[in-house]
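> Predicted structure and sequence below. I'll ask about it afterward.
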Amino acid sequence: MGHFDADIPAYASVARMLRDRILAGEYAIGDRLPSAAELEATEEVSRETARRALRVLVGEGLARGHSSRGTRVLPPPRKRIVDMSAPDPEVERRQAELGADRVVRKVSARRARPEEQVTLGIGEQVWVFVVSVEFWVGEERLDTLERVLPADSTVLELP
């Protein structure tokens, strides 16, 4: 392989290189990205590695693959803003149903699980925010609501 970081898989290096070029404006919206065959030749990787790199960009929402027209650059994904301190009717309803005296909100991040990739329509390399809301009475946790949001298209506003 050519000039890539040996600490990460080759497909991730190729995807990173293409992503950086897209974000730098070297490829405009609608431009065709190099094909797997072109990447194989120019980046000195296998065709499957090149295909996987292109699939990563498609999964991240940066490109769309077409069998006859190649992989094209898409507009950047819209960001969903989630205000963690705003009132949430679903949380308030559940708190009243349970008689919970306090609510604890937690946020974590991880790679999307296969079933989440399908449900959210995201790729295998996309991370997600897991927003958990725990309902408590005294020292007893009664219930937990969990929402999974794609991290590449979500901005969390924390109090």
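Done, it's in.

> all contacts plus neighbour counts: C-alpha atoms, from now on.
Fine.

> So Ser68, which state does it fall into?
Following DSSP: H, G, I helix; E, B strand; the rest coil, we place Ser68 in the coil state.

> Leaving out the residues flanking it, which one is nearest to Pro75?
In space, and not counting its chain neighbours, Pro75 is closest to Ile29: 5.7 Å by C-alpha to C-alpha, 6 or more residues apart in numbering.

> Does the one you found fall in a helix, a strand, or a coil region?
coil.

> how far away is it from Asp152?
Going from Ile29 to Asp152 by C-alpha to C-alpha, to the nearest Å gives 18 Å.

> The two: who's more crowded?
Between Ile29 and Asp152, counting by other C-alpha atoms under 10 Å, Asp152 is the more crowded of the two (18 against 15).

> And the residue nearest the centre of the protein?
For the chain, Val126 is the residue whose C-alpha lies nearest the centre (C-alpha atoms, centre = their mean; 3.1 Å).

> doesn't Glu60 make contact with that residue?
Yes - at 6.2 Å, Val126 and Glu60 qualify as touching, with contact defined as C-alpha atoms under 8 Å.

> any shared contact partners between the two?
Asp152 (C-alpha atoms under 8 Å, 6 or more residues apart in numbering).

> Could I get the full set of helices for the protein?
10-23, 36-43, 47-59, 89-98, 114-120 (DSSP state H).

> Put together CSV for the ones you listed, with distance to Leu156 and mean neighbour count on each row.
Compiled in CSV, the helices of the chain are given as follows (distance: least, C-alpha to C-alpha, whole Å; neighbours: other C-alpha atoms under 10 Å):
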stretch, distance to Leu156, mean neighbour count
helix 10-23, 22, 18
helix 36-43, 36, 16
helix 47-59, 21, 21
helix 89-98, 17, 12
helix 114-120, 17, 13
